[in-house]
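Engineer: this one's sequence-less:
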RNA sequence: UCGGGCGUAGCUCAAUCGGCAGAGCGGGUGGCUGUUAACCACUAGGUUACAGGUUCAAGUCCUGUCGCCCGAGCCA
């Protein structure tokens, strides 16, 4: 039986408008902008996949349709019918000559976001509408592609997706601030800061696992690199040490960056990103020890001493010495979390690694080899003043068939901010949650 | 929590030494058959964040409050 209407996924879109050259089609969308010139209306129509100019010429339509076009306001929803034609003046190469037009809804009030300049605070107050603008669409399409590449990498390399809980009983790492929430029967739960400990259980069960989900940090950090809610992917692998962990991080980063460059070149170009800088992200990455990093910083005139953690300035100076991400390994154990394994060759250091993105975007990966010895881990838990009881299940992982294992966490928004070349992470997530903002 | 900065029309910003509250964009009306941030003419639009104070006179100076931005610490 012939269908009277196309399937939902057979409708024409601006994204693939080239298929419809010479045909008369119907497009459903919104008015992005309009210019008029006497007997002509130039409608910039967006349908979610792109923006196309639809030309309403007074001689081609009824007087009613021409009046309807004149009455349209920014972000009116509409249905246009017309013939698709090649036009060299068009940014997308095609235009529609409109023969019929219906306004589905014309707003009573003006759309707040005009095509001119606005400040970030105003745009963030209207984030639900800002998402309609082409620049935000480019960023969020690249975000979706980055996430697709991340999943594709792990799925193709024998990792099992293992979701970590959002509610957790206590701090994964004692110090950082947690969001507390009421749980049942008057008890408290905390929003997760990391799925890592659960991934360690997963690695002992499945060998290679990863989790991918939101992470919550109640730190009072109001900088361009911080969100209170962000997304993190955390792989964990049994039977590997720090060197293989770095191999994994390097291979993974090259894969996802080149995958994004290959599939979202148009969007990166729209953001005026220097794509050549991303294409340089190839193996091998420099691997320098914390000790070597301190020497490099001192040679650069930075007043750092061995034993201190690096701040943002130090990270930027180090990262700027390389044209691709750089791995800094074996930090002083005191700077790092309790579960990091001590370096047997230098007991002051931990078998950990941070990956710094180029161009001053800072740390995008933190990871390392985990402590796998029961007695050593118990001692570290006590030294850090953590609850032995709360970490009982975690200690169990060392009691039953413990093996060397390692992993890392990658922050999606910082990585995306770097890939897109954005000055602030807040545009890398649809609805950012910041210290000073939980709306819209 | 600490340091620095900001708050004027719907938006982005001016307003000199304390001396008439301004522009562009957006909106409205009219004009134009090829506009790309269209253009031209006209037009409406103000509790200068809030509360006090100094002064003949405060957007401007002082005190306090609120909000926001940038950074530090902390972190991805």
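Structural biologist: Good, I have the coordinates. Because the structure is a prediction, the values reported are computed rather than measured.
Engineer: let me know the pLDDT of the nearest residue to residue A:374 once chain neighbours are set aside.
Structural biologist: In this structure, residue A:374 finds its nearest non-sequential neighbour in residue A:398, 4.0 Å apart by C-beta to C-beta, 6 or more residues apart in numbering. Every C-beta, even on glycine, is put in place using the N, C-alpha and C of the backbone. We note a pLDDT of 96 for residue A:398 in this prediction.
Engineer: my guess is residue A:398 contacts residue A:380, does it?
Structural biologist: No. Residue A:398 lies out of contact with residue A:380 (C-beta atoms under 8 Å); the separation is 11.2 Å.
Engineer: any common contacting residues for those two?
Structural biologist: By C-beta atoms under 8 Å, 6 or more residues apart in numbering, residue A:398 and residue A:380 have these common neighbours: residue A:371.
Engineer: which residues does residue A:207 contact?
Structural biologist: By C-beta under 8 Å, 6+ apart, the contact list for residue A:207 reads A:158, A:160, A:237-239.
Engineer: with residue A:376 instead?
Structural biologist: Contact partners of residue A:376, counting by C-beta under 8 Å, 6+ apart, are residue A:342.
Engineer: and the two most separated of the contacts of residue A:207?
Structural biologist: A:160 and A:239 (15.1 Å; C-beta to C-beta).
Engineer: name the element residue A:423 belongs to?
Structural biologist: Residue A:423 belongs to no helix or strand when elements are defined using DSSP states H and E.
Engineer: number of residues surrounding the residue lying closest to it once chain neighbours are set aside?
Structural biologist: Residue nearest to residue A:423 in three dimensions, not counting chain neighbours: residue A:224, with 6.3 Å by C-beta to C-beta, 6+ apart. Here the number of neighbours of residue A:224 (other C-beta atoms under 10 Å) works out to 13.
Engineer: with residue A:270 instead?
Structural biologist: 16.
Engineer: for the stretch 151-300 of chain A, what lies in contact range of RNA strand B?
Structural biologist: Those residues of the stretch 151-300 of chain A that sit near RNA strand B, judged by C-beta under 7 Å from any atom of the strand, are A:175-176, A:194, A:217, A:219-228, A:230, A:232.
Engineer: could you pick out the buried ones from these?
Structural biologist: In these, burial by neighbour count holds for A:194, A:217, A:225-228, A:230, A:232, counting by 16 or more other C-beta atoms under 10 Å.
Engineer: tell me which two of the residues you listed sit farthest apart.
Structural biologist: Spanning the widest gap among those are A:194 and A:225, at 17.4 Å by C-beta to C-beta.
Engineer: just put the buried ones among the residues of the stretch 151-300 of chain A next to RNA strand B in JSON lines and tack on pLDDT and secondary structure.
Structural biologist: Formatted as JSON lines, these follow (pLDDT from 0 to 100; DSSP: H, G, I helix; E, B strand; the rest coil):
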{"residue": "A:194", "pLDDT": "90", "secondary structure": "coil"}
{"residue": "A:217", "pLDDT": "88", "secondary structure": "coil"}
{"residue": "A:225", "pLDDT": "87", "secondary structure": "coil"}
{"residue": "A:226", "pLDDT": "88", "secondary structure": "coil"}
{"residue": "A:227", "pLDDT": "91", "secondary structure": "coil"}
{"residue": "A:228", "pLDDT": "91", "secondary structure": "coil"}
{"residue": "A:230", "pLDDT": "93", "secondary structure": "strand"}
{"residue": "A:232", "pLDDT": "95", "secondary structure": "strand"}
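Engineer: would you list the phi and psi of the one residue in the stretch 51-200 of chain A that gets nearest to RNA strand B?
Structural biologist: Closest residue of the stretch 51-200 of chain A to RNA strand B, C-beta to the nearest atom of the strand: residue A:119 (2.7 Å). Backbone torsions of residue A:119, given as degrees, to the nearest 10, read phi -80, psi 160.
Engineer: measure it to residue A:130 for me?
Structural biologist: 12 Å (C-beta to C-beta, to the nearest Å).
Engineer: of these two, which one has the most company?
Structural biologist: Neighbours were counted for residue A:119 and for residue A:130 using other C-beta under 10 Å; residue A:130 has more, 20 against 8.
Engineer: would you mind measuring from the residue nearest to that one when sequence neighbours are not counted to residue A:364?
Structural biologist: Excluding its sequence neighbours, the residue lying closest to residue A:130 (C-beta to C-beta, 6+ apart) is residue A:123, at 4.9 Å. Note on residue A:123: its distance to residue A:364, by C-beta to C-beta, is 25 Å.
Engineer: who has more neighbours, those two?
Structural biologist: Taking other C-beta under 10 Å, residue A:123 and residue A:364 do not tie; residue A:364 has more neighbours (24 against 18).
Engineer: who has more neighbours, residue A:160 and residue A:239?
Structural biologist: The neighbour comparison of residue A:160 against residue A:239 (other C-beta under 10 Å) goes to residue A:160, with 15 against 12.
Engineer: mind listing what the more buried one touches?
Structural biologist: By C-beta under 8 Å, 6+ apart, the contact set of residue A:160 is A:202, A:206-210.
Engineer: got CSV for those residues, with pLDDT and secondary structure too?
Structural biologist: Output for these, formatted as CSV (pLDDT from 0 to 100; three-state DSSP):
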residue, pLDDT, secondary structure
A:202, 97, helix
A:206, 97, helix
A:207, 96, coil
A:208, 97, strand
A:209, 97, strand
A:210, 97, strand
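Engineer: hang on, the earlier thing: what strand or helix carries the residue nearest to residue A:423?
Structural biologist: Counting by DSSP H and E, residue A:224 is part of no helix or strand.
Engineer: what's the answer for the one 10 residues further on, then?
Structural biologist: Under the criterion DSSP H and E, the helix or strand holding residue A:234 is strand A:229-238.
Engineer: what does residue A:201 give?
Structural biologist: Using DSSP H and E, residue A:201 falls in helix A:196-206.
Engineer: what angle separates that helix from strand A:229-238?
Structural biologist: 40 degrees (axes from the mean of the first three to the mean of the last three C-alpha atoms, to 10 degrees).
Engineer: for helix A:196-206, packing partners?
Structural biologist: Where contact means 3 or more C-beta pairs under 8 Å, 6 or more residues apart in numbering; DSSP states H and E, helix A:196-206 is packed against strand A:208-216, strand A:229-238, helix A:392-399, strand A:405-411.
Engineer: now residue A:187: phi and psi?
Structural biologist: With angles defined as degrees, to the nearest 10, residue A:187 sits at phi -90, psi 170.
Engineer: number of nearby residues for it?
Structural biologist: Neighbours around residue A:187, by other C-beta under 10 Å: 8.
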